[in-house]
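>>> need a structure here:
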Amino acid sequence: MELSELTEDIVLMLPVILLVQGVVALILWFAFGSKGGRGARFAAWLGLVTLTLWVGSALAFVVLHLLLFQFGNGAVVAGVVVTTVFMLLMPFGWAYVVRHRDTTTDGEASDGPTPHGPTPSAGTHAH
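Model (predicted):
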């Protein structure tokens, strides 16, 4: 198998893999989204990563071709490096966004119990 055949196979399989990943994210979102928690966050992260890979790959395809025809091979190499770094760091960025989306201005999570326990209601006092 030559490199060109392998590249062609990868190019043909990548959209299918991303589509399956998106379907899995959608199923997880509907299964766990209403319940919240770790499953919903994972489903949101998987969906965001998949969508960004789809859109980012299409955008990179167009931009890299524009760079090639306008500025030549050197610009394409720089564009490929920038695109690769973005695609490698993007899942970590989405993980940060999904994990910290529900924090308040005080830095405490808005869901779940507070570290100080429940606050007593008015008119009650401990003995």
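
>>> just confirm residue 89 is within a helix.
Yes - the assignment for residue 89 is a helix, going by DSSP: H, G, I helix; E, B strand; the rest coil.

>>> contacting residues around it?
By CB atoms under 8 Å, 6 or more residues apart in numbering, the contact set of residue 89 is empty. The C-beta positions use only the backbone N, C-alpha and C, and glycine is treated the same way.

>>> what residues are up against residue 98?
With contacts defined as CB under 8 Å, 6+ apart, residue 98 is in contact with 41, 44-45, 48.

>>> go again with 6 Å.
Shown in contact with residue 98 (CB atoms under 6 Å, 6 or more residues apart in numbering): 41, 44-45.

>>> any chance of those in CSV, plus secondary structure?
Converted to CSV, these look like this (three-state DSSP):
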residue, secondary structure
41, helix
44, helix
45, helix
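
>>> report the buried members of those.
If you count burial by 16 or more other CB atoms under 10 Å, the buried members of the contacts of residue 98 come out as 41, 44-45.

>>> just give me the closest of those residues to residue 95.
Ranked by distance to residue 95 (CB to CB), the buried ones among the contacts of residue 98 are led by residue 45 at 5.8 Å.

>>> what's the helix or strand for the nearest residue to that closest one once chain neighbours are set aside?
With CB to CB, 6 or more residues apart in numbering as the criterion, residue 45 has its nearest non-adjacent residue at 4.7 Å, and that residue is residue 98. Following DSSP states H and E, the helix or strand that holds residue 98 is helix 73-99.
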